[in-house]
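> Let's see this in three dimensions:
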Amino acid sequence: MIIILITISLLLIYLLLCKLISSPFLPTKALCLSLRRSNFHQLLSLKWWRTDRLPAKPMEKSDLQLGVLVLLFYCCFGIGSAVVVEKKVLGDQVSALLSLKAGLLDPLNSLRDWKLSNSSAHCNWAGVRCNLNGAVEKLDLSHMNLSGHVSDDIQRLESLTSLNLCCNGFSSSLTKAISNLTSLKDIDVSQNLFIGSFPAGLGRAAGLTLLNASSNNFSGVIPEDLGNATSLETLDLRGSFFEGSIPKSFRNLQKLRFLGLSGNSLTGQLPAELGLLSSLEKIIIGYNEFEGGIPAEFGNLTNLKYLDLAVGNLSGEIPAELGRLKALETVFLYQNNLEGELPATIGNITSLQLLDLSDNNLSGEIPAEIVNLKNLQLLNLMSNKLSGSVPAGVGGLTQLAVLELWNNSLSGPLPRDLGKTSPLQWLDVSSNSLSGEIPASLCNGGNLTKLILFNNSFSGPIPESLSSCFSLVRVRMQNNFISGEIPVGLGKLGKLQRLELANNSLTGKIPIDLALSSSLSFIDVSRNRLQSSLPSTVLSIQNLQTFMASNNNFEGEIPDQFQDRPSLSSLDLSSNHFSGSIPATIASCEKLVNLNLKNNRLTGEIPKAVATMPALAVLDLSNNSLTGRLPENFGSSPALEMLNVSHNKLEGPVPANGVLRTINPADLVGNVGLCGGVLPPCSHSLQNASEQGNVHTKRIVAGWLVGISSVLAVGIALVGARLLYKRWYSNGSCFEKSYEMGSGEWPWRLMAYQRLGFTSSDILACIKESNVIGMGATGTVYKAEMPNSNTVVAVKKLWRSGTDIETGSSSDFVGENETVSMVAGSYGYIAPEYGYTLKVDERIDIYSYGVVLLELLTGKRPLDSEFGESVDIAEWIRRKIRDNRSLEEALDQNVGNCKYVQEEMLLVLRIALLCTAKLPKDRPSMRDVITMLGEAKPRRKSSSNSSGHDSNKDKPVFNTSPVNGLV
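Here you go, the predicted model:
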């Protein structure tokens, strides 16, 4: 600015001197008048240099001197004043910026050039842009990994029109001082962790056009005065914790084009006044807790292109007035409580591309008018109560890429031309009552990736055309009436990962080319009529993880092709006609968890290597003709949880170690030669055999002598080992004095559902008074520290009788197969069937685990007077469900009432209810429980790192469709 003043002043002096030389006339009074008013524009407008417009009067010498003096005075005084004023303004701007920097944490040193230099250097600082006066006009500090707090001194940047703090790590409250920046036109503080209430007062910024505060942790109500910012075009407050209702003052935002409020905790009804905002093009306000339905006034939003009300707790019917929205391209209303029939007027929205009405209570038939939506790419009506047939015209929708109709009551055939002229990518019509043949044109476009048809009544053959559908990733057709043979060519589909054809009427044999697949990881052809032998290399598919072929008519030997196949985790060949021996190479499958070969004609011995497989948890070899003895090392198998060898021809003693010590006798029955362990003692059997077989006395005596000697030797070894054990643990482990075990062995087994760094002995060694960390009516809790694995666990020792509460003893730990005269365990924790069977198995443990989960979630004991007489915690929860009462009221309020915490607790509550199912067969395995707990995640905010608002404002904070890539 100073340079401009100096330039103009010198120019005036130069022109004046020129006139002194070339002309005797000069408008001195007019010039002085202009100079006094300091109005250069007026001065220039006089055009005093044009002599043809000046009166022909000779210039006096005194006038000339006066003019020169006035001009020089103005130049000196004006320039001096400008320098003083501008230095003050610029100094205030620099001071405000430095104050702002002082409150920030800048780990990347992005603001390293924010330091004092010459007077105008701040305009070149990172993220700073100035106007012609040197005042800060734009401040862009986005994507700098900044945190800390925004200083109140930001309000001193009075000329600021643009503020961008997007995509940083601010976790403090947002200063209320920004409401004093009335010149602001756009504000972006999105994708941070700002807390507290959102500053009120921004309604005074008359020129504000964009406000983006999405993806933060703001709470409280949305400021009512935002409705006064009548120039707003974009308002994005998605992904925080705003409460209350949508302000009715928003009816004043007549220029608003984008409204984003999704992913908050908003309540109340959707304001009908929003229907007055005729400029609106996008509404994303789902993932809230609204009441009532969709206002019919929304039908007045004639410019609306995008409507997302998903997961909004909305009820009522879909307004027929929405059919007036000719420009509408996307409608997401999924996961609400909408009911009634689909309005036929939906067929009038001819621009519609994405329609998702899934997870509601819609009923009636799919309206035939839906075939008028020629631009439709996604149609998702899954999980409703729709009935009738799929309109035949759906097959003629030339843009249709995704069709999801599963979990309804639809019947009749699929349109025969479905996929014929469309780029169909995803078809899921499972869990309906659809019938007829599978259309052969599904993959005509070459884009089909997922074909999911299970739980229907489809019949006829599998279309041959699928063998050339190279885009296929998943084929799931189980539980239908499909007949014929498996088409040749599926093994050549390089992307096919999952093939499920179970429970159909398929015949013939497994195609040889299936064994050539390089991508298949899951194959299930069980419960069909397949026959012949398995292809020799089918079990050596490179990425195969699960192969299930049970309940067929396969015969011959099991292919011995298991070498170098580390991915195989589940193999089920049960209920076939396989013969021969169990391949010893099966032990090379290090990740094999489940091996089921029951109900076949297998012979020979059980390979000893099978007993040492590191991940094998379930082994079922029952109902075969296996011979020989049980491998001794079964007892030391690291992961084995369930073993069934019943109804074979096994013989010899049952090893009394590990899993075999607690095995259910029913899993050993049908083997006449087995004895010992949980079966009747072998000594009795030998005695009976001696009497019947006339065994020589000398051999008996010799046997006894050898046995006595062996017992003495073992006893001596045990005593020595015990002394060493005590000495080792006295050097810094869990106990300092011995823990008496009575018989020398613990009458129970530690069953681990994942790999542990400690043993049962380590646990029991910590059961002592000094390690007690809690005590209640049902038992004592000990802290167990494992020095060898740096692990700390809590162990609860349950009391079994009244005397135990007083004294306690090692006999509190009742073994699973120990004979007792009372029910072992604590009432409330034990499964109901244990009271009449007295058999302990994994399902009873699962029940107890579920009770513990319920304790954690509710903060209540297994038995409480609040539940009522003879009602335990599991039944208490079930009664709430039967009475349609809210489960949130059962949760422990001390954990917090945050919406997302409660959501996660409810997910775990579902798992706990599965674990405490009344029927043992309905309870999941512990492995499944661990998997479900790992997947029990509440919905989260988007972690998008988009660099600008325009690139992500159309994307919901939460995933708004089950189909990725189309939104």
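> Show me where the stretch 501-650 of the chain dips below the pLDDT cut-off.
Low-confidence segments of the stretch 501-650 of the chain, defined by pLDDT under 70: 564-565.
> which residues in it form strands?
Along the stretch 501-650 of the chain, counting by DSSP state E, counting those that start in this stretch, strands occupy 505-506, 522-524, 531-532, 546-548, 553-557, 570-572, 577-580, 594-596, 601-604, 618-620, 625-628, 642-644, 649-653.
> closest one to Gly494 among the ones you listed?
strand 522-524 (15.8 Å; C-beta to C-beta). Every residue, glycine included, has its C-beta placed from N, CA and C.
> In CSV, list the strands of the stretch 501-650 of the chain along with distance to Val488.
What follows is those, written out as CSV (distance: least, C-beta to C-beta, whole Å):
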stretch, distance to Val488
strand 505-506, 13
strand 522-524, 15
strand 531-532, 14
strand 546-548, 19
strand 553-557, 18
strand 570-572, 24
strand 577-580, 24
strand 594-596, 28
strand 601-604, 29
strand 618-620, 32
strand 625-628, 35
strand 642-644, 37
strand 649-653, 40
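> Can you tell me how far Ser435 is from Ser411?
Separation of Ser435 from Ser411 (C-beta to C-beta, to the nearest Å): 7 Å.
> Likewise for Phe298?
For Phe298, the distance to Ser411 equals 33 Å [C-beta to C-beta].
> returning to that earlier point: of all the strands of the stretch 501-650 of the chain, which lies closest to Asn145?
It's strand 522-524; of those, that one is closest to Asn145 (C-beta to C-beta) at 42.1 Å.
> ok, and what's touching that closest one?
478, 497-502, 514, 541, 544-549 (C-beta atoms under 8 Å, 6 or more residues apart in numbering).
> Then stretch 168-176?
By C-beta under 8 Å, 6+ apart, the list of residues contacting stretch 168-176 reads 141-152, 154, 189, 191-201, 213, 217-218.
> quick one: secondary structure of Gly227?
helix (DSSP: H, G, I helix; E, B strand; the rest coil).
> residues in contact with the closest residue to it other than its chain neighbours?
Nearest residue to Gly227 in three dimensions, chain neighbours excluded: Ser249, at 2.6 Å (C-beta to C-beta, 6 or more residues apart in numbering). If a contact means C-beta under 8 Å, 6+ apart, then Ser249 has 224-228 as its contacts.
> Tell me the secondary structure at Ser249.
helix.
> phi, psi of Ala177?
Main-chain dihedrals, Ala177, degrees, to the nearest 10: phi -70, psi -20.
> Next one, pLDDT for it please.
Looking at Ala177, its pLDDT is 94.
> what's the burial count for it?
Ala177 has 16 neighbours, counted by other C-beta atoms under 10 Å.
> who's in contact with it?
By C-beta under 8 Å, 6+ apart, the residues touching Ala177 are 152-155.
> Would you format those residues as CSV with distance to Ile370 included?
Output for the contacts of Ala177, formatted as CSV (distance: C-beta to C-beta, whole Å):
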residue, distance to Ile370
Asp152, 56
Asp153, 58
Ile154, 53
Gln155, 55
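> Output those as a markdown table; include the columns distance to Val895, pLDDT and neighbour count.
Formatted as a markdown table, the contacts of Ala177 follow (distance: C-beta to C-beta, whole Å; pLDDT from 0 to 100; neighbours: other C-beta atoms under 10 Å):
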| residue | distance to Val895 | pLDDT | neighbour count |
| --- | --- | --- | --- |
| Asp152 | 36 | 94 | 16 |
| Asp153 | 40 | 94 | 18 |
| Ile154 | 38 | 94 | 21 |
| Gln155 | 40 | 94 | 17 |
